[in-house]
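S.K.: Test case, fold it:
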Amino acid sequence: MEKKKVAVSKVCHGHSRPVVDLFYSPVTPDGYFLISASKDSNPMLRNGDTGDWIGTFEGHKGAVWSSCLDTNALRAASGSADFSAKIWDALTGNELHSFEHKHIVRACAFSEDTHMLLTGGVEKILRIYDMNRPDAAPRELDKTPGSVRTVAWLHSDQSILSSCSDMGGVRVMGCEKWKNCPNS
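M.R.: Residues are numbered from 1 along each chain as shown. Below is the predicted model of the structure:
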């Protein structure tokens, strides 16, 4: 008689307020990782397989609405109600850079090649930050029709997908919309 495999749920304790976003890294030589964003203002990094806590990124002063890891899981990014997106060293937990915005940052995403960070939020502006020159001004794309809720890079960083929280549908933009295509 063949044994049935049963999925076992894992509960990852640690956040003191609701978790609003989860992101799994791709598989790396060290495994894969999970980062969670929470209204408690502290993104947490965990082992993606076991759920074991690895560390907490401390520094935001408002709810964290979005978090992600770069392709190699070496850097983390988070977007917050404190009007900032932060870049973290995922190995040490140290803050590497803070990108100030004029309103709540609801979404962030690293490009597949890890050279760019895309952010969006209540300002209705998508911004692209150059991770090789974090002090440089970001590229700002046309205003979106509503507050940005999610962002993602598609097609090997050649397209951007975004959604707005106050209206239906999604928006896809090819790199010709923001000039200087990443791989051109």
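
S.K.: what does stretch 124-135 contact?
M.R.: 75, 85, 87, 96-97, 99, 101, 110, 114-120, 136, 138-141, 143-148, 151, 160, 162, 164, 178 (Cβ atoms under 8 Å, 6 or more residues apart in numbering). In this view, the C-beta of every residue, glycine as well, is placed from N, C-alpha and C.

S.K.: I'd like the average pLDDT over that stretch.
M.R.: Confidence over stretch 124-135 (mean pLDDT, whole number) is 96.

S.K.: So which bits of that stretch are buried?
M.R.: Buried positions in stretch 124-135, judged by neighbour count with 16 or more other Cβ atoms under 10 Å: 124-129, 131.

S.K.: Quick check: end-to-end length of it?
M.R.: Start-to-end span of stretch 124-135 (Cα to Cα, to the nearest Å) is 22 Å.

S.K.: just stretch 72-84 next, same as before
M.R.: End-to-end distance of stretch 72-84 (Cα to Cα): 23 Å.

S.K.: what does stretch 156-171 give?
M.R.: Length of stretch 156-171, first residue to last, Cα to Cα: 17 Å.

S.K.: need the helix or strand of this protein with the lowest average pLDDT.
M.R.: strand 170-174 (a mean of 83; mean pLDDT, DSSP states H and E).

S.K.: Show me what counts as buried in that one.
M.R.: Here strand 170-174 shows 171, 173 as buried, counting by 16+ other Cβ under 10 Å.

S.K.: so what secondary structure elements neighbour that strand?
M.R.: strand 159-164 (3 or more Cβ pairs under 8 Å, 6 or more residues apart in numbering; DSSP states H and E).

S.K.: what helices or strands is the strand it packs on leaning on?
M.R.: For strand 159-164, the elements it packs on are strand 148-154, strand 170-174, judged by 3+ Cβ pairs under 8 Å, 6+ apart.

S.K.: Against residue 166, how distant is residue 38?
M.R.: 23 Å (Cβ to Cβ, to the nearest Å).

S.K.: Please identify which of those two sits among more neighbours.
M.R.: More crowded of residue 38 and residue 166, by other Cβ atoms under 10 Å: residue 38, with 21 against 10.

S.K.: Quick check: bridge partners of the more buried one?
M.R.: Beta bridges link residue 38 to residue 19 when assigned by DSSP bridges.
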